[in-house]
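**Q** sequence plus predicted model, see below.
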Amino acid sequence: VQLVESGGGSVQVGGSLRLSCAASAPTYSMCMGWFRQAPGKEREGVATITTGTGNTDYADSVKGRFTISQDGAENTVYLQMNSLKPEDTAIYYCASTALCTIWYSRYEYAYWGQGTQVTVS
C-alpha cells in the first residue's frame with residue numbers, strides 16, 4: 001500500500017489546515033493513523049480511525065481541535081486541523097495497518113507516507 005500525504009503548509013496561529021492521505025489500495029477495515037514529528041522529538045500519534053467502523057481516537061494535545069475522517073470511495077483519510085498552535089509545527093505522516101491495538105505506537109503500522117510539513121507561526 002502506498003500512502004501519499006498532501007495539504008501541508010504554513011499557517012498563522014489560530015488558523016486551519018486539512019491534510020489528505022490518499023491510499024493506493026482500498027482502505028476498508030484498516031487502522032489509519034496520523035503521526036507527527038517535530039525536530040529533535042519522537043514521532044507521536046495524533047489521531048486514528050478504523051475505516052470499517054469509523055471509530056476514532058486522538059492524542060490529548062489535539063482533542064477538540066483536530067478531526068480525522070475518511071472517504072472510503074476515494075481511499076482517502078483526512079485530518080482537519082483547527083486552532084493551530086506553534087507546537088503543532090511538525091512533519092505529519094499518514095500510516096496504515098490491518099489492525100492496531102496501541103494506535104499511537106508507530107511500531108503498529110506497516111505502511112507510511114513520505115510526510116508533509118506543517119508550520120504554524
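**A** Everything's here; your move.
**Q** three-state assignment of the most centrally placed residue in the chain?
**A** Note on the chain: the residue nearest the mean C-alpha position is residue 34, at 2.1 Å, using C-alpha atoms, centre = their mean. Secondary structure, DSSP: H, G, I helix; E, B strand; the rest coil: residue 34 is strand.
**Q** just checking, it touches residue 47?
**A** Yes: proximity of residue 34 to residue 47 meets the contact threshold set by C-beta atoms under 8 Å, at 4.9 Å. Quick note: C-beta positions are derived from backbone N, CA and C, even for glycine.
**Q** quick one, strands of this protein?
**A** 3-6, 9-11, 17-23, 31-37, 44-50, 56-58, 66-71, 76-81, 90-97, 111-112, 116-120 (DSSP state E).
**Q** just name the most buried of these.
**A** Among the strands of the chain, ranked by average contacts under mean count of other C-beta atoms under 10 Å, first place goes to strand 31-37 (a mean of 24).
**Q** what's the angle from that one to strand 90-97?
**A** Put simply, strand 31-37 runs at 160 degrees to strand 90-97, going by axes from the mean of the first three to the mean of the last three C-alpha atoms, to 10 degrees.
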